[in-house]
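In: With the sequence up front, the predicted model follows.
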Amino acid sequence: MRNLVASIAAVVVLTAFFGFVYPLVMTGFASVAFPSQAGGSLIHRDGKIVGSRLAAQSFTWPRYFHERPSGTAPAYNAGATTFLNLGPTSPDLAKLVAGNAQAILKLERPYNPGLTIHDIPVDAVVTSASGIDPDISPAYAALQSRRVAAVRHLSLQTVQQLIKQATDGRSLGFFGEPGVNVLELNLALDKLGGK
């Protein structure tokens, strides 16, 4: 009986501490030390929230850079992040990649003559682990740069400079890969102007 009471007391105390006290302390600390990140890394323009630096949103117009394919339903739903659990030998994955690649070739070839399926970066045709990754590779951004420059009547050099400015390097200099935040890049384009 003594062990049972001690076990119940331990469960109650540990649940209260790790279930309530610890999360509240960490949330309070994060809100003070890292207010932007704790608030969802929201991006504001003209007093309005236009999105989050951490979640992709759909851009379909040719004048914008496009994001990675979404793995959520509905697409780019930050409340339902998921991944497509398709192995490398999955026929469904092959069909998905082929469909995405054909869509990119159709969109980009008028601006990139000679573009082949082998020139398309992997992140352009497959989803990320979360299904809503806000970043694309610099290679995918470069592939889209000719289209965006042509449609907006901007110089290719101007668009490439914006890509360079929107590219985040590796974390701590060696973790991960460089990435280009699509929302921030598109907002920079809108600020710059062009048709």
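Out: Arrived safely, thanks for sending.
In: separation between residue 114 and residue 49?
Out: The gap separating residue 114 from residue 49 is 41 Å, by C-beta to C-beta, to the nearest Å. The way it works is simple: take the backbone N, C-alpha and C, and place the C-beta from them, glycine included.
In: Between these two, which has more neighbouring residues?
Out: residue 49 (10 against 6; other C-beta atoms under 10 Å).
In: where does the nearest residue to residue 78 once chain neighbours are set aside fall, phi/psi-wise?
Out: Setting aside the residues directly before and after it, residue 78 is nearest to residue 55 in space (C-beta to C-beta, 6 or more residues apart in numbering), at 4.2 Å. Torsion angles at residue 55 (phi, psi; degrees, to the nearest 10) stand at phi -140, psi 130.
In: What is the neighbour count of residue 55?
Out: 20.
In: Need the per-residue pLDDT for it.
Out: Model confidence at residue 55, given as pLDDT, is 80.
In: Isn't it up against residue 128?
Out: No. Using C-beta atoms under 8 Å as the test, residue 55 is too far from residue 128 to be in contact (11.0 Å).
In: quick one, helices of this structure?
Out: All helices of the chain, identified by DSSP state H, fall at 2-16, 22-33, 35-38, 91-108, 138-152, 156-166, 182-192.
In: Can you say which of the ones you listed is packed in most?
Out: helix 138-152 (a mean of 20; mean count of other C-beta atoms under 10 Å).
In: Mind listing residues that contact it?
Out: 62-66, 68, 104, 107-108, 110-112, 115, 119-121, 123-124, 154-156, 158-160, 163, 166-167, 178-180, 185, 189, 194-195 (C-beta atoms under 8 Å, 6 or more residues apart in numbering).
In: okay, the angle between that helix and helix 182-192?
Out: For helix 138-152 against helix 182-192, the angle between stretch directions is 30 degrees (axes from the mean of the first three to the mean of the last three C-alpha atoms, to 10 degrees).
In: Centre of the chain to helix 138-152, how far?
Out: 17 Å (C-alpha atoms, centre = their mean, to the nearest Å).
In: For it, output the C-alpha coordinates as CSV.
Out: Extracted in CSV, the C-alpha atoms of helix 138-152 (Å, rounded to 0.1, in the frame of the first residue of the first chain):
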residue,chain,number,x,y,z
PRO,A,138,19.0,28.2,-54.4
ALA,A,139,19.0,25.9,-57.5
TYR,A,140,15.2,25.9,-57.7
ALA,A,141,15.1,29.6,-57.2
ALA,A,142,17.6,30.1,-60.0
LEU,A,143,15.5,27.9,-62.3
GLN,A,144,12.5,30.2,-61.7
SER,A,145,14.4,33.4,-61.9
ARG,A,146,14.2,33.8,-65.7
ARG,A,147,10.4,33.4,-65.6
VAL,A,148,9.9,35.9,-62.8
ALA,A,149,12.3,38.4,-64.4
ALA,A,150,10.5,38.1,-67.8
VAL,A,151,7.0,38.3,-66.4
ARG,A,152,7.8,41.3,-64.2
